[in-house]
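1. this one's sequence-less:
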């Protein structure tokens, strides 16, 4: 007989093992879905998870997609650790892209070393401004941050749409919904000839290091964790709850804004209608899959980035609809949450011997 | 300018029509939340309902199968949520988000073969009475059965919660799962039932969009209505009758877009499209500002997991 017993303490080993289990279960469930759709499961999974990263170009694409995911997820981990549900990173990314794109357009016919830093800074500020809206409304008006941050995603995409179709559209662009090309000085440099991976990856790595330092080496990180476990305890200890809420939102907004900068100043070099294939939403999954741990998030962003590439490859080679990527992302989160059960409960085998 | 009184009636009727999916989804979610469960997967359940309804209608040709199939699809997808949050005690917010992402993906996957297929005509009731009363006729007559159901639902929901024993149990479970459990109520069972009911209503809301309102399948066609429905529940302070008012306001904002463009008001179309989202935020701020009032009307255990140690 099997009995389910509550653990005295959450198991640490299982804490880091369950993400792996979740990925494994997702693969199995994915195979089943492919089978139902009439594809050979093993072959489909190969096209989904192995073929896309089998060569140098594929690997560069993987890093290209993992970069914004990692960056945003790092920012979100600040929010989630302290129990703030910022789910509007997609909007903060978009608004960051709008602000940095606007600044880059000011310099469209100029060259100079000073342009790129200004453009990057503008993106971070844009993301912060946008993230401050749900933060301020939450702290001073008691408004649910989940709904506000999400509504703002729609608003940001409409602002972007308005700008690229209207006032910011390229005067020589035959009415295409896109802006002028930025000058080369406003572009993040490519790292290798012929590959699209760009210097934005260093922004992501810097975010990883800084967040690790803040979480594990500073008093601020400790305060965040305490508030995440119990808001009452945090209040009792006298932490400034409101300031912290605003701070974590600003951090995650800055990260999302930087991800937006990477998207427009990297391979594309202009603003257009769709700056992000929902990186801001997918990064929520990355943050959880990485256990809100900086190193975990690196691995998680690589795994989830594959679902983007795999969806494209599978579409080209097997005519599998590209939305399978999203299905996989949803499943990873389902399985991850489900396997968390093992953190708090264990199965006890009660011997049948008497 | 002479305004045709029947034209005013038509505008009001179109506002009501666009309020229908919001009312259905909000009333469903309201019951779920009243039992203490916060399901953020409304958008995902709606879109699943939309594609299921449309696909079943196209494949079977039966509108009845399609409508009930869409509700069943909502129930099935919400079962995942119920199992995770109630049996495996996962976090409500994260699970709901996963449900939405998963639902949008699955719906687009199924819907690939249904893009561009024209919808069927959905039968309307009381069509013969359409020209009898000025102003009121277009409002009262000539709508689908789902339309009438949606406008009755807030009253039914209110009666259910206030006057029936089961409604009382649902509220007890949401306000104090511990004492409900001590009274011998199976908290987990009640919450399961409320989640599945919410799923059915969201499925119906989605089916209304793809089968009656639009009527065709467009990817991502719910376009944030699920999230607005969630906001409406907060707006209503968990009172079903107020959902009706809120849904009419948002329906009005949606309809205003079309008429502003028709009159030739020179406001960028994107601004008008953004209006419902911006108004949602403003309304949420106004409602939530009084934190005491919100705390009094929010189900006390909303979003908190309940696990009975045995």
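-> Yes, it's here. Since the model is a prediction, treat every value here as computed from it, not as a measurement.
2. what about the chain, any weak spots by pLDDT?
-> In the absence of a named chain, this looks at chain A. Per-residue confidence of chain A (counting by pLDDT under 70) places the weak regions at A:1, A:351-354.
3. oops, chain B please
-> Short version for chain B, where the test is pLDDT under 70: B:1-3, B:308-310.
4. hey, where'd the helices end up in it?
-> For chain B, applying DSSP state H gives helices covering B:5-34, B:42-60, B:63-82, B:92-111, B:136-140, B:145-163, B:165-175, B:177-182, B:187-207, B:225-235, B:240-263, B:269-288, B:291-297.
5. now render those as JSON lines, adding distance to residue A:126 and mean neighbour count.
-> From N, CA and C alone the C-beta is placed, and that goes for glycine too. Shown next, in JSON lines, are the helices of chain B (distance: least, CB to CB, whole Å; neighbours: other CB atoms under 10 Å in any protein chain shown):
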{"stretch": "helix B:5-34", "distance to residue A:126": "32", "mean neighbour count": "24"}
{"stretch": "helix B:42-60", "distance to residue A:126": "26", "mean neighbour count": "28"}
{"stretch": "helix B:63-82", "distance to residue A:126": "35", "mean neighbour count": "22"}
{"stretch": "helix B:92-111", "distance to residue A:126": "24", "mean neighbour count": "25"}
{"stretch": "helix B:136-140", "distance to residue A:126": "45", "mean neighbour count": "18"}
{"stretch": "helix B:145-163", "distance to residue A:126": "40", "mean neighbour count": "17"}
{"stretch": "helix B:165-175", "distance to residue A:126": "40", "mean neighbour count": "18"}
{"stretch": "helix B:177-182", "distance to residue A:126": "43", "mean neighbour count": "16"}
{"stretch": "helix B:187-207", "distance to residue A:126": "34", "mean neighbour count": "26"}
{"stretch": "helix B:225-235", "distance to residue A:126": "23", "mean neighbour count": "27"}
{"stretch": "helix B:240-263", "distance to residue A:126": "27", "mean neighbour count": "18"}
{"stretch": "helix B:269-288", "distance to residue A:126": "17", "mean neighbour count": "19"}
{"stretch": "helix B:291-297", "distance to residue A:126": "30", "mean neighbour count": "12"}
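6. now those helices in JSON lines, with distance to residue A:327?
-> Rendered in JSON lines, the data for the helices of chain B read as follows (distance: least, CB to CB, whole Å):
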{"stretch": "helix B:5-34", "distance to residue A:327": "22"}
{"stretch": "helix B:42-60", "distance to residue A:327": "11"}
{"stretch": "helix B:63-82", "distance to residue A:327": "12"}
{"stretch": "helix B:92-111", "distance to residue A:327": "4"}
{"stretch": "helix B:136-140", "distance to residue A:327": "42"}
{"stretch": "helix B:145-163", "distance to residue A:327": "28"}
{"stretch": "helix B:165-175", "distance to residue A:327": "32"}
{"stretch": "helix B:177-182", "distance to residue A:327": "33"}
{"stretch": "helix B:187-207", "distance to residue A:327": "18"}
{"stretch": "helix B:225-235", "distance to residue A:327": "18"}
{"stretch": "helix B:240-263", "distance to residue A:327": "29"}
{"stretch": "helix B:269-288", "distance to residue A:327": "26"}
{"stretch": "helix B:291-297", "distance to residue A:327": "36"}
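7. those: which one's closest to residue A:169?
-> Nearest to residue A:169 among these is helix B:269-288; the distance by CB to CB comes to 13.1 Å.
8. mind listing what's buried along stretch A:191-200?
-> A:195, A:197, A:198, A:199, A:200 (16 or more other CB atoms under 10 Å in any protein chain shown).
9. ok, and what's touching it?
-> Contacts of stretch A:191-200 with the rest of the structure, by CB atoms under 8 Å, 6 or more residues apart in numbering or on different chains, involve A:56-57, A:60-61, A:63-64, A:67-68, A:71, A:188-190, A:201, A:258-259, A:261-262, A:265-267.
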